[in-house]
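**Q** this one's structure only:
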């Protein structure tokens, strides 16, 4: 039998589930502690307060999402494949990680800025390479993001709120094709 996950990971997993069920503000450290099956001392050893715990859960979800996004992007040497794979990753990830997705759509901790800088630098470099070859339009990254993932993000918001019946991965091909049509260059 494999050993149980380390206390820190059990606390993160319990907090993720509790934050998804009750919301970050309503969940208590006692709820998380009880769900994780750890002592009070273990919780405070790893996280001095609920704010640091929520930040750690948020950053963990962000790191896993971004790693998958970049992996999908880099797996395709062509611009069309990269654009579509990134949209499909976004939608599949949200469907597979509903609690994490809901958390990432909530308030962003200040510590996310440094991680986002590295992520967006990698995306910008990929984009500029393909734009220079004429495969993608030349745009500022904020407009690129809105055209590329805006419709997918909005669909995910509807799905997470219970207003869309089809899981995001069921509409991935359509939204990926729409993103490609809005972003493809003249080449």
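**A** Looks like it came in fine. Just so it is clear, the structure is predicted and the values come from calculations on it, not from any experiment.

**Q** quick one: the helices in this protein, in order.
**A** Using DSSP state H, the helices of the chain run over 7-22, 29-36, 40-46, 50-74, 79-96, 98-104, 112-132, 141-160, 172-183.

**Q** show the contacting residues for residue 180.
**A** Residues in contact with residue 180 (C-beta atoms under 8 Å, 6 or more residues apart in numbering) are 80, 83-84. All C-beta atoms are positioned from the backbone trio N, CA, C, and that covers glycine.

**Q** name the member of these with the most neighbours.
**A** residue 83 (28 neighbours; other C-beta atoms under 10 Å).

**Q** what distance do you get for the closest residue to that one other than its chain neighbours to residue 76?
**A** In space, and not counting its chain neighbours, residue 83 is closest to residue 180: 5.0 Å by C-beta to C-beta, 6 or more residues apart in numbering. Applying C-beta to C-beta, to the nearest Å, the value for residue 180 to residue 76 is 11 Å.

**Q** overlap in contacts, those two.
**A** Any residue near both residue 180 and residue 76 by C-beta under 8 Å, 6+ apart counts here, and that gives residue 84.

**Q** center of the protein, which residue is that?
**A** residue 65 (3.9 Å; C-alpha atoms, centre = their mean).

**Q** just checking, that residue touches residue 93?
**A** Yes - if you go by C-beta atoms under 8 Å, residue 65 and residue 93 touch, sitting 5.7 Å apart.

**Q** what's the burial count for residue 68?
**A** The number of residues packed near residue 68 is 17, by other C-beta under 10 Å.

**Q** er, residue 39 I mean
**A** By other C-beta under 10 Å, the residues close to residue 39 number 11.

**Q** who's in contact with the nearest residue to it once chain neighbours are set aside?
**A** Nearest non-adjacent residue to residue 39, counting by C-beta to C-beta, 6+ apart: residue 33, 7.5 Å away. Contact partners of residue 33, counting by C-beta under 8 Å, 6+ apart, are 11, 14, 39-40, 42-43.

**Q** now for those, which sits with the most neighbours around it?
**A** Neighbour max across the contacts of residue 33 (other C-beta under 10 Å) = residue 11, 26 neighbours.

**Q** verify the contact between that one and residue 37 for me.
**A** No - Residue 11 is beyond contact range of residue 37, at 9.6 Å (criterion: C-beta under 8 Å).
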